[in-house]
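Asks: quick check, what structure comes out for this input:
(one chain, ligands or ions: 1)
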Amino acid sequence: MNADLVQLHEKARAALDPVHYDYYAGGVGDEVVLGENEAAFRRLALLPRVLRGRSTRAIGVDLPGGRLDLPVLIAPTAFHRLAHPDGELATARAAAAARTVLVSGVASTVAIADVVRAARAVDADAAVWFQLYPHPDEDVTECLVRRAERAGCTALVVTADSPVFGRHRRDAEHGFHDLPPGLAAENMRDLPGSPPGHVRDIEMSPLASWAHLDRLRELTSLPLWLKGVLHPRDAVLAVEHGVAGIVVSNHGGRQCDVAPAAVEALPAVVDAVAGRVPVVLDGGVRGGGDIALALALGAAAVGIGRPVLWGLAADGETGVARVLDILRDEFDHVLALCGGRHLADLTRDLVVTRGTGV
Ligand code: FNR
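Replies: The predicted structure follows:
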């Protein structure tokens, strides 16, 4: 793990209310997957290539919905104003300044229109994507999609790994169920079927199906990403149902605690997709080496969740900017050390399992 990120994490831990720290840091069940996401990267190594005569490197990547100057996007995480008063506005500004994508969640404490406005004030071309869960009430889903479109989002991310809420022991122990007064999931305000000003609960839909995804795709012309895919057959189905991209993710260890580490599920999904759509990986990415490993295993880019929350809690917009800077710099350095010039130079033959040599 990158030592500068560890320091930011410690600063965030000291700054945050311990209940909110545990909400961010914790995972589902016994937190097996939470630990495995990071541990699985430690079990992998990269074989550097030598004498390749290269000095400059290109690390940008084009994805459906936007261009990233570094192969790292900000994964959707909830309630940024628990971390810092500027909340998602700070995250959006830092992402735009680094010229990468913020995937802004339905569970944000700033309305999506304001998030996009903050990003575009920094960079008129900033790409902000909107993440949502299939809501049991399809009118609510449609209203959220229209809000994201009107706000100017350039892609939608549908999170599919949450038919029900994961059970988080740390939150239960603290009795953490509600946001503090003054904070709300602003995208859920004034939705169909609610009185004016009312904020609806974020709900999961156990009935969500591929048919719901089809309806969503027909509802909008925005590129549609499917997040939370681990099984290669689901990846194939996602492609058949017209998604623009797939996010291999176990929700940062917050949903199913017998799931594999995200990076361990990645190669089979990449093989199943066979280049038809890009695959992004999130879960446990904590340094430039992890990014290089994920890309070598076939990811087009990685998403980061908690490191952004630590940056935000430690130092607001500056802290998030610092996280992105650290990752950009370290990844670029690793690529140089591996003799790479382009992201495509990171290939699967470079990856070995520690202790086995293969
Ligand atoms: C999340 N994640 C998440 N994902 C999603 O699709 N919708 C959401 O509302 C949330 N909320 C959320 C809250 C918190 C506090 C965390 C830590 C995570 C999951 C997130 O998008 C991503 O998959 C993981 O965070 C990636 O793992 P790392 O980088 O945190 O290890």
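Asks: can you get me a residue count around the residue in the chain that the ligand sits nearest to?
Replies: Across the chain, the shortest distance to the ligand (C-beta to the nearest ligand atom) belongs to Gly305, at 2.1 Å. For the C-beta atoms, the positions are set from N, CA and C on the backbone; glycine is no exception. Gly305 is flanked by 22 other residues according to other C-beta atoms under 10 Å.
Asks: so it sits right up against Thr77, yeah?
Replies: Yes: shown here, Gly305 and Thr77 form a contact pair, counting by C-beta atoms under 8 Å, at 5.0 Å.
Asks: could you pull out the helices for the stretch 251-358 of the chain?
Replies: Counting by DSSP state H, counting those that start in this stretch, the segments of the stretch 251-358 of the chain that form helices are 262-273, 288-296, 306-337.
Asks: pick the most buried one from those helices.
Replies: For the helices of the stretch 251-358 of the chain, the largest average neighbour count (mean count of other C-beta atoms under 10 Å) is found in helix 288-296, namely a mean of 26.
Asks: which residues are contacting that helix?
Replies: Outside of helix 288-296, the residues within contact range by C-beta atoms under 8 Å, 6 or more residues apart in numbering are 2, 41, 44, 46, 71-72, 263, 266, 281, 284-285, 301-302, 327, 329-335, 338, 343, 346-348, 350-351.
Asks: how about a cut-off of 7 Å?
Replies: 2, 41, 44, 46, 71-72, 263, 266, 281, 284-285, 302, 327, 330-331, 333-335, 338, 343, 346-348, 350-351 (C-beta atoms under 7 Å, 6 or more residues apart in numbering).
Asks: between helix 262-273 and that helix, find me the angle.
Replies: 20 degrees (axes from the mean of the first three to the mean of the last three C-alpha atoms, to 10 degrees).
Asks: alpha carbons of helix 288-296, as CSV, please.
Replies: Only the C-alpha atoms of helix 288-296 are listed here, as CSV (Å, rounded to 0.1, in the frame of the first residue of the first chain):
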residue,chain,number,x,y,z
GLY,A,288,0.3,2.4,-8.4
GLY,A,289,1.3,-1.2,-8.4
ASP,A,290,-2.3,-2.4,-7.8
ILE,A,291,-3.4,-0.3,-10.8
ALA,A,292,-0.7,-1.8,-13.0
LEU,A,293,-1.7,-5.3,-11.9
ALA,A,294,-5.4,-4.7,-12.6
LEU,A,295,-4.6,-3.3,-16.1
ALA,A,296,-2.2,-6.2,-16.8
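Asks: what's the mean pLDDT across that helix?
Replies: The average pLDDT within helix 288-296 is 98.
Asks: briefly note if that helix comes near the ligand.
Replies: No: Helix 288-296 is not in contact with the ligand by C-beta under 6 Å from any ligand atom; minimum separation 9.7 Å.
Asks: what does the stretch 151-300 of the chain put close to the ligand?
Replies: 159, 227, 249, 251-252, 254, 282-285.
Asks: most neighbours among those residues, which one?
Replies: Result: Gly283 is most packed of those (other C-beta under 10 Å), 35 neighbours.
Asks: wait, what's in contact with the nearest residue to that one once chain neighbours are set aside?
Replies: Spatial nearest neighbour of Gly283, excluding adjacent residues (C-beta to C-beta, 6 or more residues apart in numbering): Ala262 at 3.2 Å. Going by C-beta under 7 Å, 6+ apart, Ala262 touches 37, 248-250, 281-284.
Asks: at 10 Å what do you get?
Replies: By C-beta atoms under 10 Å, 6 or more residues apart in numbering, the residues touching Ala262 are 33, 36-37, 40-41, 228, 230, 247-253, 269, 281-285, 294, 299, 302-303.
Asks: hang on, the earlier thing: what's the closest non-adjacent residue to the residue of the chain closest to the ligand?
Replies: Nearest one to Gly305, counting by C-beta to C-beta, 6+ apart, is Ala75 at 4.4 Å.
Asks: what's around that neighbour, how many residues?
Replies: Neighbours of Ala75 (other C-beta under 10 Å): 27.
Asks: how about Leu281?
Replies: Around Leu281 there are 28 other residues, counting by other C-beta under 10 Å.
Asks: looks like it contacts Val248 (just checking).
Replies: Yes: because the distance of 4.9 Å satisfies C-beta atoms under 10 Å, Leu281 is recorded as touching Val248.
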